[in-house]
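Chemist: heads up, no residue letters with this:
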Ligand code: HEM
Ligand code: SF4
Ligand code: FES
């Protein structure tokens, strides 16, 4: 069949966090090259349900690359073979007929497996929460132009804020380090006047939480930046280092 | 000072210590390599022995030697600590890893390259530092230069030295620019220059050091 693939899937199956998992092998046929990777798993799951088997559990929500849920480690890379995309944006035309595809959950002690390919990424929420609040003026809203922000800073802050918390950076890193994520969250506020007030405390608290959650240190391999679907830059990690060490010497 | 200890014990702090000690070792290697490269003047070791003599008796240099050992030990201790710590963060390994798709192998192998360097360094210190500082074998008629000629007669030793230099080259190819990133120095104006200097430095230092045992072994210098 033109434009259709027959594939062998090796998928990690694990009932819950407390039992050991293992790979199961499945054959799928007649997969359209226009399908997304998630739709291909949907096809497999429909069949498993019809056969009375347990469908493969995986996280997904938006299916358009903005929610960051669809964590899958495909053929040795987070979100599969293409750069700058999430799994829901990965199309089956990126694979060859007859190929064997290995699908694993994110592997990190800070991201325990809940079931099959679903991992618990709430460690990220706790890092964000540790950042605390941003002081704002009460009373009448002031004129927006009262706070001049250089275009470059606004652009950099916006680029950092594009992080969708997907965890691909952690999954890609040999140390399961969350530096790219944490540095993006620190940067998006540190770059703007509104975030300057609590900048020192925020950097210290978020880094402390990141360590507490059990993410690794940074070896500057750059794997995170290469695999990030949102193109978050390593410049953010350098900025986090500056923010953190200046906070070490200046915070009270 | 508890705040300072806390900062240096964080994941970021451990890396900062790596970067500071690493850059210090990089600065030492310039002096070490520059002095040793005088053997290529092919003057029978006259310039080299003069330099070595000066290094052995200058009080500032001798003090720096202690600082150097301290820095090296800190770098090794912190490097091994990071390596072991980081390994624990992924208790279940991936079945398939396509590392080449997103990073350089040597950037992922700093712990391994460092350990090879450490093994090499132990042998290297035994050959020359131990000989010149802790034995009485160093004399007018048997200089450090003569000792190099003796040590580098063994093909095994020459091969191990060359492998040690290759490990050093790759360790620095990643380490040099990595240290600046760790220090927070990532900027479109400077980073390309830092990366270029790092690459040139790593290749030149590794090649010059590797050429020394090879030159002695093949009697290219007398
Ligand atoms: C003359 C010898 C050495 C020099 C010049 C040197 C230099 C450097 C530099 C500049 C870095 C980068 C720091 C950073 O990324 O911020 C580094 C990293 C590292 N070095 Fe060395 N090093 C030397 C020897 C060693 C030895 C003997 C070990 C032994 C274990 C070692 C282990 C490491 C490790 C593990 C890292 C990476 C840490 C990480 O990124 O997680 N190094 N080195
Ligand atoms: S930095 Fe990139 S890879 Fe990491 S969580 Fe954010 S979007 Fe995902
Ligand atoms: S399902 Fe939302 S990013 Fe993929």
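Modeler: Here it is on my side, so go on. Model, not experiment: these values are computed from the prediction. Numbering: from 1, shown residues only, chains lettered A, B, ... in the order given. Ligands and ions are numbered 1, 2, ... in the order given.

Chemist: Let me know the secondary structure of the most centrally placed residue in chain B.
Modeler: The C-alpha lying nearest the average C-alpha coordinate of chain B belongs to residue B:168 (C-alpha atoms, centre = their mean; 5.8 Å). Local secondary structure at residue B:168 is given as helix here, using DSSP: H, G, I helix; E, B strand; the rest coil.

Chemist: quick one, longest helix in chain A?
Modeler: In chain A, assigned by DSSP state H, the helix with the most residues is helix A:235-250.

Chemist: Who are the packing partners of that one?
Modeler: helix A:179-190, helix A:199-212, helix B:2-9, helix B:11-36, helix B:155-182 (3 or more C-beta pairs under 8 Å, 6 or more residues apart in numbering or on different chains; DSSP states H and E). In short, each C-beta sits where N, CA and C put it, glycine included.

Chemist: Next, the buried residues of the helix or strand that comes right after the second one.
Modeler: Downstream of helix A:199-212, the next assigned helix or strand under DSSP states H and E is helix A:223-227. In terms of neighbour count (16 or more other C-beta atoms under 10 Å in any protein chain shown), helix A:223-227 has its buried residues at A:223-227.

Chemist: doesn't residue A:98 fall inside a strand?
Modeler: No. Secondary structure of residue A:98 (three-state DSSP): coil, not part of a strand.

Chemist: circling back to that earlier point, got the contact list for the closest residue in space to the residue nearest to the centre of chain B that isn't next to it in sequence?
Modeler: Closest residue in space to residue B:168, ignoring its immediate chain neighbours: residue B:206 at 5.4 Å, by C-beta to C-beta, 6 or more residues apart in numbering or on different chains. Residues near residue B:206 by C-beta atoms under 8 Å, 6 or more residues apart in numbering or on different chains: B:165-166, B:168-169, B:172.

Chemist: helix, strand or coil for residue B:206?
Modeler: Going by three-state DSSP: residue B:206 is helix.

Chemist: any idea how far ligand 2 is from it?
Modeler: Residue B:206 sits 34 Å away from ligand 2, going by C-beta to the nearest ligand atom, to the nearest Å.

Chemist: can you check residue A:181 too?
Modeler: Residue A:181 is 4 Å from ligand 2, by C-beta to the nearest ligand atom.

Chemist: lowest-pLDDT helix or strand in chain A?
Modeler: helix A:193-196 (a mean of 91; mean pLDDT, DSSP states H and E).

Chemist: Packing partners of it?
Modeler: helix A:179-190.

Chemist: Contact partners for residue A:117?
Modeler: Neighbour list for residue A:117: A:11-12, A:56-59, A:71-72, A:103-105 [criterion: C-beta under 8 Å, 6+ apart].

Chemist: Burial check on residue 132, number of neighbours?
Modeler: Chain wasn't specified; assuming chain A. Close neighbours of residue A:132, defined as other C-beta atoms under 10 Å in any protein chain shown, add up to 12.

Chemist: Sorry, I should have been clearer: chain B.
Modeler: 16.

Chemist: Residue B:5 now?
Modeler: By other C-beta under 10 Å, the residues close to residue B:5 number 10.

Chemist: how about the residues of chain B near ligand 1?
Modeler: Residues of chain B lying close to ligand 1 (C-beta under 6 Å from any ligand atom) are B:15, B:18-19, B:22-23, B:25-26, B:29, B:75-76, B:79-80, B:82-83, B:110-111, B:114-115, B:117-118, B:121, B:171, B:175-176, B:178-179, B:182.

Chemist: Derive a ChimeraX selection command for the buried subset of these.
Modeler: In ChimeraX, this line selects whichever of the residues of chain B next to ligand 1 come out buried by 16+ other C-beta under 10 Å:
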select /B:15,18,19,22,23,25,26,29,75,76,79,82,83,110,111,114,115,117,171,175,176,178,179,182
